[in-house]
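Novice: What follows is a predicted structure for the sequence shown.
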Amino acid sequence: MLQTVCQHCDTEVPEGRRFCDRCGAPTASAQLQAPDCPAGYQVFTNTWMGYSFHYPEDWHVSLAPEGGAFVETSNGEAVLELHLLPPGALTSAPRQAELFLSRFGAVQFQVMPGATDSYAQAVFANQNWQGMVSVHLSPRGGTIGVGRLVNGSALNLEPYFEQLMNSITPVKPIARQPWVDPIESSFCLHCPAGWKPHSSINPSPGAGSRVPVFTVSAEFAHQVFVVRDMQTRIFINGPLPQEPPAEEGFFGKLGRMANNLGNSMASAFGEVVCPFPGLGPALEHFFLPHWQEQMPGCELMNAREIAPNKMDVRLLLPDGSIRVYRLQGDAFKVPGMTNRWAGGHVYFYQAPAEMMPQFEAVLKGIAESFEPNPQWQAREQGRIQQQQMQHQQMHNQWMNISAMNHQARMNDIHRAGVAQQNINNIYNEISDMQHAGWQARQASSDYIQHESVNAIHGTSDFINPHTGQQFNLPTTHNHYWENPTGEVLLGSDSVLEAPPLWTPLERASQKPG
């Protein structure tokens with residue numbers, strides 16, 4: 001027999017009441033719950049997906065993808081899993097078991113006798129685990145239950161597994177209604193009555209798409225909320241900064257300095273250096289230290305990789321609240337950047353530790369009910385393209401103006417150069433004229449001085465018309481010759497005939513001009 005209880009405090013709610021008498025929560029947050037479970041077990045109810053099951057006391061429950069659940073011991077020795085299958089694309093139960101077990105890698109399994117298309121049980125083992133799997137299929141969907149033990153464990157898991165699978169009971173899901181972003185209708189989500197949503201549109205750096213952000217909090221429960229705010233970082237795989245060893249050679253120091261310089265450059269570009277790819281190393285080397293710096297005193301409770309490149313990280317905050325982050329990683333598909341990838345948290349939800357079991361399914365359901373509006377996304381892409389076109393037009397206009405200004409500047413420089421060259425030519429002509437005048441005056445002065453010296457000494461200048469050689473000779477003779485040996489002969493006899501090889505000298509004029 002089912003009963004109606006408050007989703008907030010588990011108090012029975014009489015039929016027709018609008019509010020819970022104990023905590024004041026609206027009755028819209030009540031759901032049907034199965035009766036009490038056997039001794040040594042407790043009830044887990046997923047109020048969002050609408051089911052409940054029994055699990056052992058002192059075991060811990062966390063949510064799995066697609067509305068399922070993980071139940072495990074505190075030491076991780078044993079794990080019970082429940083996974084929900086959608087109605088579409090279902091194969092036969094044995095095939096579904098085989099497909100599901102493939103996620104454990106190399107595994108050996110055996111389907112138990114009595115399997116049908118809608119029901120199958122199998123046992124399996126690999127290098128780490130051994131256990132059993134049970135598949136139930138129906139036209140409305142299906143469930144997969146998995147019980148696995150660490151190899152070598154002495155725990156008898158079968159009764160716990162059977163109790164979980166046999167106690168799965170449908171319950172009335174919590175009532176919820178769609179809520180559309182009132183700012184730009186960028187997204188839609190589903191939340192129950194009595195929960196208060198807020199939204200905003202965060203601008204993205206550069207010319208990228210803006211990011212819708214929402215916060216949904218429970219009005220009737222303090223510090224119970226969910227936030228979707230995608231924050232992504234770029235990770236580069238490489239060695240971490242190195243400390244100098246006690247004895248370090250010259251080349252070792254060069255290598256360490258080069259590595260540290262690469263880390264510094266990556267940090268300058270906003271990238272995070274991580275020694276290995278994957279969310280696990282990123283959590284250890286970046287996310288956890290980053291959160292502990294933002295929230296001093298927070299502790300890591302557990303981290304579970306729920307799917308490839310998806311991880312749920314559970315933190316215990318100093319005030320006793322629990323915060324769960326959903327991390328997601330994506331390959332950075334850029335040619336030449338195979339060692340880079342993007343990762344960050346998609347959403348997180350928080351509640352006091354004592355309230356988390358009651359609210360976690362609702363918080364996670366609200367977060368994963370996020371549906372972006374395709375029309376808004378198309379408008380956003382159009383806005384980005386228009387913005388890029390405007391940026392390109394502004395860039396082209398700036399380049400054209402810069403080119404015109406550069407050409408005008410070059411023309412001004414050319415005209416100034418031509419004018420300066422003309423001025424320089426005029427100055428050169430004036431300088432040449434001044435130099436020519438000085439040379440003329442100097443030559444005239446030299447001529448007057450030379451003639452004065454000739455007059456004092458009674459000499460004059462003679463020249464050999466054939467060789468151009470000049471001689472300064474006395475003027476007291478009538479004839480002047482130069483013989484082939486270079487000797488100068490002087491004579492005053494008017495009838496003297498010079499030999500044939502003698503060259504008569506002529507008077508040379510030293511007058512300038």
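Specialist: Everything's here; your move. Residues are numbered from 1 along each chain as shown.
Novice: Is residue 120 in contact with residue 110, as I believe?
Specialist: No - using C-beta atoms under 8 Å, residue 120 is not in contact with residue 110, being 11.0 Å away. From N, CA and C alone the C-beta is placed, and that goes for glycine too.
Novice: who has more neighbours, these two?
Specialist: residue 120 (23 against 10; other C-beta atoms under 10 Å).
Novice: and the more buried one, that one's in a strand?
Specialist: Yes - per DSSP: H, G, I helix; E, B strand; the rest coil, residue 120 lies within a strand segment.
Novice: what number of residues lie near the closest residue to it other than its chain neighbours?
Specialist: Closest residue in space to residue 120, ignoring its immediate chain neighbours: residue 93 at 3.7 Å, by C-beta to C-beta, 6 or more residues apart in numbering. Residues near residue 93, counting by other C-beta under 10 Å, number 23.
Novice: who touches residue 93 in this structure?
Specialist: The contact partners of residue 93, by C-beta atoms under 8 Å, 6 or more residues apart in numbering, come to 115-120, 135-137, 142.
Novice: give me that answer again for 6 Å
Specialist: By C-beta atoms under 6 Å, 6 or more residues apart in numbering, residue 93 lies in contact with 118-120, 135, 137.
Novice: Mind putting those into CSV with pLDDT and distance to residue 411?
Specialist: CSV is the format used below for the contacts of residue 93 (pLDDT from 0 to 100; distance: C-beta to C-beta, whole Å):
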residue, pLDDT, distance to residue 411
118, 88, 87
119, 89, 89
120, 91, 87
135, 91, 83
137, 86, 83
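Novice: Just the buried residues of these.
Specialist: 119-120, 135, 137 (16 or more other C-beta atoms under 10 Å).
Novice: between those, which is closest to residue 463?
Specialist: residue 135 (132.0 Å; C-beta to C-beta).
Novice: What does the closest one show for phi and psi?
Specialist: For residue 135, the backbone dihedrals are phi -120, psi 130 (criterion: degrees, to the nearest 10).
Novice: quick one: it and residue 98 touch, right?
Specialist: No - the criterion here is C-beta atoms under 6 Å, and residue 135 misses it with residue 98 at 9.7 Å.
Novice: Low-confidence ranges, this protein, go.
Specialist: 1-36, 88-90, 204-208, 238-270, 331-338, 494-496, 510, 512-513 (pLDDT under 70).
Novice: can I see the domain layout of it?
Specialist: Listed by automatic domain parsing, the domain ranges of the chain are 35-170, 176-238+275-372, 458-507.
Novice: need those domains in JSON lines with distance to residue 396, can you?
Specialist: Output for those, formatted as JSON lines (distance: least, C-beta to C-beta, whole Å):
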{"stretch": "domain 35-170", "distance to residue 396": "48"}
{"stretch": "domain 176-238+275-372", "distance to residue 396": "16"}
{"stretch": "domain 458-507", "distance to residue 396": "75"}
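Novice: closest to residue 435 out of those?
Specialist: Among the domains of the chain, domain 458-507 sits nearest to residue 435 (C-beta to C-beta), with 26.2 Å.
Novice: Run through the bridge partners of residue 119.
Specialist: With DSSP bridges as the criterion, residue 119 is bridged to residue 136.
Novice: Helix, strand, or coil at the nearest residue to residue 475 once chain neighbours are set aside?
Specialist: Closest residue to residue 475 apart from its sequence neighbours, by C-beta to C-beta, 6+ apart: residue 460 at 4.8 Å. Under three-state DSSP, residue 460 falls in the strand class.
Novice: Equivalent analysis for residue 455, please.
Specialist: helix.
Novice: ok, how many other residues are close to it?
Specialist: Residues near residue 455, counting by other C-beta under 10 Å: 11.
Novice: Would you check how far apart it and residue 506 are?
Specialist: 20 Å (C-beta to C-beta, to the nearest Å).
Novice: ok, back up a step: could I get the contacts of residue 93 in a markdown table, plus columns for distance to residue 482?
Specialist: Formatted as a markdown table, these follow (distance: C-beta to C-beta, whole Å):
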| residue | distance to residue 482 |
| --- | --- |
| 118 | 142 |
| 119 | 143 |
| 120 | 138 |
| 135 | 136 |
| 137 | 138 |
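Novice: how about the residue nearest to residue 482 when sequence neighbours are not counted, what does it touch?
Specialist: Leaving aside its chain neighbours, residue 482 sits nearest to residue 503 (5.0 Å; criterion: C-beta to C-beta, 6+ apart). Counting by C-beta under 6 Å, 6+ apart, residue 503 touches 464, 466, 482.
Novice: CA atoms of stretch 396-407 as CSV?
Specialist: Only the C-alpha atoms of stretch 396-407 are listed here, as CSV (Å, rounded to 0.1, in the frame of the first residue of the first chain):
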residue,chain,number,x,y,z
ASN,A,396,38.8,46.6,-43.3
GLN,A,397,37.8,50.2,-42.9
TRP,A,398,40.6,50.7,-40.4
MET,A,399,43.1,49.1,-42.8
ASN,A,400,41.9,51.3,-45.7
ILE,A,401,42.1,54.4,-43.6
SER,A,402,45.5,53.4,-42.4
ALA,A,403,46.6,52.7,-45.9
MET,A,404,45.3,56.1,-47.1
ASN,A,405,47.0,57.9,-44.2
HIS,A,406,50.2,56.0,-44.9
GLN,A,407,50.1,57.0,-48.6
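Novice: ok, the contacts of residue 93 vs residue 49, which is closest?
Specialist: Ranked by distance to residue 49 (C-beta to C-beta), those are led by residue 137 at 17.2 Å.
Novice: That closest one contacts residue 119, correct?
Specialist: No - taking contacts as C-beta under 6 Å, residue 137 lies outside contact range of residue 119: 7.3 Å.
Novice: quick one: the residue most central in space within the chain and residue 361, what's the gap?
Specialist: Central residue of the chain (C-alpha atoms, centre = their mean): residue 234, 3.9 Å from the mean position. Using C-beta to C-beta, residue 234 is found at 33 Å from residue 361.
Novice: what's the spacing between whichever helix or strand residue 427 is part of and its chain's center?
Specialist: Using DSSP states H and E, residue 427 sits in helix 374-457. With C-alpha atoms, centre = their mean, to the nearest Å as the basis, helix 374-457 stands 47 Å off its chain's centre.
Novice: Also stretch 272-280?
Specialist: 14 Å.
Novice: Can you list the buried residues in it?
Specialist: So, applying 16+ other C-beta under 10 Å, buried residues of stretch 272-280: 272-274, 277-279.
Novice: repeat for stretch 122-133
Specialist: 122, 124-126, 129-133.
Novice: try stretch 186-206
Specialist: Buried residues in stretch 186-206, counted by 16+ other C-beta under 10 Å: 186-187, 189-192, 194-195, 197, 199, 201.
Novice: Pull the residues that contact that stretch.
Specialist: For stretch 186-206, using C-beta under 6 Å, 6+ apart, the contacting residues are 26, 28-29, 174, 176, 178-181, 183, 210-220, 366, 369-373, 376.
Novice: Excluding chain neighbours, what is closest to residue 56?
Specialist: Counting by C-beta to C-beta, 6+ apart, residue 56 lies nearest to residue 160, which is 5.5 Å off, once chain neighbours are set aside.
Novice: Now that neighbour: which helix or strand?
Specialist: Going by DSSP H and E, residue 160 is in helix 158-166.
Novice: So what touches that helix?
Specialist: Contacts for helix 158-166 (C-beta under 6 Å, 6+ apart): 53-56, 80, 134, 145, 147.
Novice: same thing but 8 Å
Specialist: 38, 41, 53-56, 71, 78, 80, 82, 132, 134, 145, 147.
Novice: what residues are up against residue 219?
Specialist: Taking C-beta under 8 Å, 6+ apart, one finds 194-196 in contact with residue 219.
Novice: err, residue 74, not the other one
Specialist: Contacts of residue 74 (C-beta under 8 Å, 6+ apart): 58-60.
Novice: and if we set it to 7 Å?
Specialist: Residue 74 sits next to residue 60 when contact means C-beta atoms under 7 Å, 6 or more residues apart in numbering.
Novice: Quick one: the strands in the stretch 151-300 of the chain, in order.
Specialist: Here the stretch 151-300 of the chain has its strands, by DSSP state E, counting those that start in this stretch, at 169-170, 176-180, 187-192, 195-202, 211-218, 225-237, 271-274, 299-307.
Novice: Great, nothing more from me.
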